[in-house]
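> Pasting the sequence and the predicted model now:
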Amino acid sequence: MPPGKRPLREVLFEFHQVGRSVRVCAIDTLTGTEVQVIGDARYGRRTIQRVALRKLHYVLAKQDPKP
């Protein structure tokens, strides 16, 4: 596991497409932390999902009280 990332039990993803954009919500079920990203639909669901997961890892790392 990369440094600064802690394991997640389960992450829920929600996709909403509006025109040429896709909004993805990623929710960590353990902490209830939610992040959102918006991307171009032509990049594909998997790519935008990966970006949302990286953002969730970033937010959780910032909330972690460890140095």
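Arrived safely. Numbering: from 1, shown residues only.
> What count of nearby residues applies to Tyr43?
Residues lying near Tyr43 (other CB atoms under 10 Å) number 12. (Glycine included, C-beta is placed from N, CA and C.)
> how about the strands in the chain?
Secondary structure of the chain (DSSP state E): strands located at 11-18, 21-28, 34-40.
> So which of those strands has the densest surroundings on average?
Highest mean neighbour count among the strands of the chain (mean count of other CB atoms under 10 Å): strand 21-28, with a mean of 18.
> low-confidence ranges in the protein?
Within the chain, the stretches with pLDDT under 70 are 1-8, 67.
> what do you get if the cut-off is 50, keeping everything else the same?
Counting by pLDDT under 50, the chain contains no low-confidence residues.
> sorry, back to before: may I see the strands of the chain organised as TSV, with distance to Leu60 added?
TSV is the format used below for the strands of the chain (distance: least, CB to CB, whole Å):
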stretch	distance to Leu60
strand 11-18	10
strand 21-28	6
strand 34-40	9
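> just so I know, which of the ones you listed lies nearest Ile48?
strand 34-40 (4.2 Å; CB to CB).
> List of residues touching the closest one?
20-28, 47-48, 51-52, 55-56, 59 (CB atoms under 8 Å, 6 or more residues apart in numbering).
> Out of those, which is nearest to Pro65?
Nearest to Pro65 among these is Val59, at 14.1 Å by CB to CB.
> check contacts around the closest one.
Residues near Val59 by CB under 8 Å, 6+ apart: 33, 35.
> And it, how far from Thr33?
Distance, Val59 to Thr33, by CB to CB, to the nearest Å: 6 Å.
> can you count the residues close to Gln49?
Neighbours around Gln49, by other CB under 10 Å: 18.
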